[in-house]
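> Model the following, please.
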Amino acid sequence: MREIAVFSGSAHPELAAEICAQLGVELEPVRVTRFANDCLEVQLQANCRERDVFLIQPLVTPVQENLVELLLMLDAARGASAARTTVVMPHYAYARSDKKDAPRISIGGRLVADLLVTAGANRVLTMTLHSPQVHGFFSVPVDHLHALRELAGHFRRYDLSNTTVVSPDLGNAKPAAHFARLLGVPVAAGAKERFADDRVEISSIIGDVAGRDVIVLDDEIARGSTVLELLARLRELGVNSIRVACTHGLFAGGALKRIGDQPDVLEIVCTNTVPVHPEPDAPKLTVLSIAPAMAEAMRRIHNGESVSALFDAQ
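The predicted structure is shown next:
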């Protein structure tokens with residue numbers, strides 16, 4: 001790993017430090033300056049010439065600030081003659097803008113992908129995109145990881161003999177079915193219709209959940225409106241207990257507390273793809289680390305090995 005250089009933006013330096021510890025390399029310093037006119041300047045404070053450069057920056061709040069910082073880091077690496085620059089983006093916030101579902105709106109997921117490539121990205125490493133088609137928005141190679149292995153390892157500690165995995169909607173049913181296979185349990189899914197960013201309706205649950213322990217699996221939880229609507233339907237069907245799991249625990253606007261306050265929710269599990277700052281009264285939250293998986297993928301990219309082989313045994 002001598003020819004590797006790893007830098008972190010401001011979005012999630014804790015994860016970057018953990019990844020570097022797994023790799024056994026130093027996290028190189030970055031200087032970010034804000035001018036009087038509010039513009040940013042980024043300096044990568046380590047040699048990049050002919051090195052394999054990795055820039056770690058999830059797109060999290062403030063998304064636009066972190067995006068511009070990442071674009072400037074890419075431009076700096078290209079200007080410093082990096083041999084290859086890989087964007088390590090555990091969470092791609094603009095992946096939710098993946099289609100034109102109303103007149104005269106932008107497809108932000110595709111536009112931001114173009115911006116990253118234009119700025120100098122030669123490769124992208126990401127985790128659990130909101131929808132599969134976002135992978136195709138990038139004109140450079142994309143290694144798309146998932147956290148199902150880490151989540152499954154956590155839930156295998158419990159007695160799963162009466163458990164069903166439940167996806168909030170049919171769009172997430174395929175990952176939920178994969179997760180259910182890892183656990184050796186059945187799967188169910190909600191029939192969801194979204195009316196606004198914070199207003200959804202789940203009309204029914206497809207699958208048997210009555211009298212069962214359920215694990216609700218979603219790719220991300222932001223405001224928590226989908227999860228809370230699903231919990232209402234599950235209660236009507238008489239489930240025994242509920243655990244909630246996701247990859248990206250954004251928990252915007254007090255979502256963590258609203259979900260945690262539900263008396264039948266035993267546990268909320270997420271990963272550290274994004275910074276999670278739980279409220280002091282969030283004892284139900286468990287945060288799993290994806291640093292080992294990201295570090296192994298980065299090692300394989302650097303050494304020219306297969307990244308998809310990480311999932312062959314799953």
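> CA only for contacts and neighbour counts going forward, please
Noted.
> name the element residue 246 belongs to?
Using DSSP states H and E, residue 246 sits in strand 241-249.
> Check residue 20 too.
helix 13-23.
> What is whichever helix in the chain runs longest packed up against?
Longest helix in the chain, counting residues (DSSP state H): helix 63-79. Counting by 3 or more C-alpha pairs under 8 Å, 6 or more residues apart in numbering; DSSP states H and E, the packing neighbours recorded for helix 63-79 are strand 40-44, strand 52-56, strand 84-89, helix 108-119.
> Out of those, which is closest to residue 68?
strand 40-44 (8.1 Å; C-alpha to C-alpha).
> Indicate each strand paired with the closest one and its parallel or antiparallel sense.
According to DSSP bridges, strand 40-44 has the following sheet partners: strand 30-34 (antiparallel).
> if we can go back for a sec, the longest helix of the chain: which residues count as buried?
Buried residues in helix 63-79, defined by neighbour count with 16 or more other C-alpha atoms under 10 Å: 66-78.
> Show me what it is in contact with.
Defining contact as C-alpha atoms under 8 Å, 6 or more residues apart in numbering, one finds that helix 63-79 is touched by 9-11, 40-44, 48, 53, 55, 57-60, 85, 93, 115-116, 119-121.
> before we move on, what about stretch 111-120?
Here stretch 111-120 makes contact (C-alpha under 8 Å, 6+ apart) with 71-72, 74-75, 77-78, 85, 94, 137-140.
> same question, stretch 246-259
So stretch 246-259 is contacted by 91, 128, 147, 217-224, 227-228, 265, 269-274, 276, 278-279, 281-282 (C-alpha under 8 Å, 6+ apart).
> out of the residues you listed, which are inside strands?
Among the contacts of stretch 246-259, the residues falling in strands (DSSP state E) are 217-221, 265, 269-271.
> Can you tell me which of those is nearest residue 243?
residue 265 (5.6 Å).
> Now do the same contact list for that closest one.
Listed by C-alpha under 8 Å, 6+ apart, the contact set of residue 265 reads 241-244, 259.
> hang on, the earlier thing: tell me the first helix or strand C-terminal of the helix holding residue 20.
Later in the chain than helix 13-23, the nearest helix or strand by DSSP H and E is strand 27-28.
> what pairs with that next one, and is each one parallel or antiparallel?
strand 4-8 (parallel).
> any residues touching the strand it pairs with, and which ones?
So strand 4-8 is contacted by 16, 20, 26-30, 44, 46-48, 51-57, 302 (C-alpha under 8 Å, 6+ apart).
> Buried subset of these as a PyMOL selection?
Only the buried entries of those go into this PyMOL selection, using 16+ other C-alpha under 10 Å:
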select buried, resi 16+20+27+30+44+48+51+52+53+54+55+56+57+302
